[in-house]
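> Test case, fold it:
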Amino acid sequence: LVESLMHGLTLAMAVLPEEIPVALSTFMALGAYRMIKNNVLAKHPQTVEALGTATVICVDKTGTITENKMVVSEIWDFKTKVLNVNPATTKINSEKRLIKIAMLASEEIPFDPMEKAIHECYNIIEDKKEIYTMIFEYPLSGIHPRMTHVYTDSKGQRIISCKGAPEGIINSSSLNESEIRSAQIQLKEMASRGNRVLAIGVGVYDNKSLPENQEDFTFEFLGLVALSDPPKENIPQIIKRFYQSGIDVKMITGDFPETAISIATSIGLKNSQNCITGKQIGGMNEEDFKKAIIGTSVFARVMPEVKLRIITTLKS
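The predicted structure is shown next:
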């Protein structure tokens with residue numbers, strides 16, 4: 001009976017070809033309804049087709065794998081060479097100054113989770129808040145991104161506050177080789193615990209007129225601020241299900257290799273200890289690059305244009 005009905009339906013559709021679009025639309029609607037019951041909303045059929053043929057998923061770290069709810073977890077004060085794993089309780093003036101300069105180098109009304117965490121930490125440790133007036137702002141920019149804000153305090157003194165990628169600020173500081181090595185060792189240790197690490201500096205500039213670029217400042221290196229952003233609870237299970245479905249997962253982040261490796265290991269990413277940086281990619285020819293990305297799951301310190309290159313090469 002069922003076979004006869006199917007034959008009859010086929011003949012009816014052949015006689016009335018304008019019914020074919022109706023039938024196809026019905027099939028698509030039934031398929032969409034079935035997917036909605038599994039909490040999948042598909043607006044375009046080609047999206048489902050593309051996802052069905054996927055063999056690799058490329059993901060960012062912050063906010064995708066991690067919760068994007070940051071807290072200041074550690075600070076390293078260059079003056080005292082002390083690592084404080086509970087910054088919110090600090091009574092040391094140089095550590096308070098480190099957090100204050102980090103706060104001044106953030107937006108006045110923060111929207112980024114990282115800057116919100118810095119403001120919260122400052123509000124906890126600082127009882128008497130001084131009034132600062134911003135007179136100039138250098139936006140986040142550079143190969144090693146940094147943000148610099150110029151203020152005057154209540155006494156009319158100029159404060160040039162900066163936070164950003166440690167490589168840039170350390171290289172723009174007046175540290176000697178021994179001090180740079182000490183800072184880099186501490187940086188790797190803090191990053192290896194899965195933290196995002198920022199360097200904090202105060203600009204040294206005597207001229208009344210400010211330079212055109214923030215890279216023209218020489219900075220007094222104050223220390224490092226580490227922000228923890230743990231992985232979401234369900235991420236290890238999701239990664240496992242991707243692997244069970246035959247889909248490889250690659251994490252591409254602008255963070256430090258040590259941070260990326262720590263997070264990748266904690267979520268069960270395959271080959272998590274094998275990490276390639278954007279700088280290494282820049283020195284590869286196309287053939288070596290293709291071979292390298294196939295067996296690599298973790299990419300760190302990667303700029304947007306290199307992210308695009310990775311994805312384009314995987315597609316090819």
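> For Ser209, grab the count of nearby residues.
Per other CB atoms under 10 Å, the neighbour tally for Ser209 reads 6. C-beta: built from backbone N, CA, C; applies to glycine.
> ok, now how distant is it from Glu220?
Distance, Ser209 to Glu220, using CB to CB, to the nearest Å: 20 Å.
> One more: Thr152?
18 Å.
> The two - which one has more neighbours?
Neighbours were counted for Thr152 and for Glu220 using other CB under 10 Å; Glu220 has more, 18 against 14.
> Just name the shakiest helix or strand of this structure by mean pLDDT.
Sorted by mean pLDDT, DSSP states H and E, the helices and strands of the chain end with helix 45-52, the least confident at a mean of 81.
> and the next helix or strand along the chain from it, how far from the chain's centre?
Counting by DSSP states H and E, the element after helix 45-52 in chain order, helix or strand, is strand 56-59. Chain-centre distance of strand 56-59: 15 Å, with CA atoms, centre = their mean, to the nearest Å.
> quick one: contacts of the next helix or strand after strand 56-59?
Note on strand 56-59: by DSSP H and E, the next helix or strand toward the C-terminus is strand 71-77. Residues outside strand 71-77 that contact it (CB atoms under 8 Å, 6 or more residues apart in numbering): 82-85, 87-88, 90, 92, 94-95, 98-99, 117-118, 120-121, 186, 190, 193, 195, 222-228.
> distance between the helix of greatest length in the chain and the chain's centre?
Longest helix of the chain, by residue count under DSSP state H: helix 19-36. Here the centre of helix 19-36 is set off from its chain's centre by 39 Å, with CA atoms, centre = their mean.
> what's the answer for stretch 28-38, then?
Using CA atoms, centre = their mean, the offset of stretch 28-38 from its chain centre is 34 Å.
> Stretch 207-219 now?
With CA atoms, centre = their mean as the basis, stretch 207-219 stands 28 Å off its chain's centre.
> now do stretch 192-211
For stretch 192-211 - counting by CA atoms, centre = their mean - the centre lies 19 Å from the chain centre.
> For that stretch, measure first residue to last.
36 Å (CA to CA, to the nearest Å).
> list the buried ones in it?
Applying a neighbour-count criterion of 16 or more other CB atoms under 10 Å, one finds 194-203, 210 buried in stretch 192-211.
> Would you map the helices across the stretch 51-200 of the chain?
Using DSSP state H, counting those that start in this stretch, the helices of the stretch 51-200 of the chain run over 93-104, 113-125, 166-171, 177-191.
> so which of the ones you listed gets nearest Thr313?
The minimum distance between Thr313 and the helices of the stretch 51-200 of the chain falls on helix 166-171, with 25.8 Å, by CB to CB.
> residues in contact with that closest one?
142-146, 162-163, 180, 183-184, 187, 197-201, 215, 219, 221, 224.
> 10 Å - rerun?
142-146, 148, 162-163, 165, 175, 179-180, 183-184, 186-187, 190-191, 197-201, 214-215, 217, 219-222, 224, 256, 279, 301 (CB atoms under 10 Å, 6 or more residues apart in numbering).
> how about it: buried residues?
Quick answer for helix 166-171 (16+ other CB under 10 Å): 166-170.
> can you put these in JSON lines and add pLDDT and distance to Pro113?
What follows is the buried residues of helix 166-171, written out as JSON lines (pLDDT from 0 to 100; distance: CB to CB, whole Å):
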{"residue": "Pro166", "pLDDT": "94", "distance to Pro113": "19"}
{"residue": "Glu167", "pLDDT": "91", "distance to Pro113": "22"}
{"residue": "Gly168", "pLDDT": "91", "distance to Pro113": "21"}
{"residue": "Ile169", "pLDDT": "93", "distance to Pro113": "21"}
{"residue": "Ile170", "pLDDT": "92", "distance to Pro113": "24"}
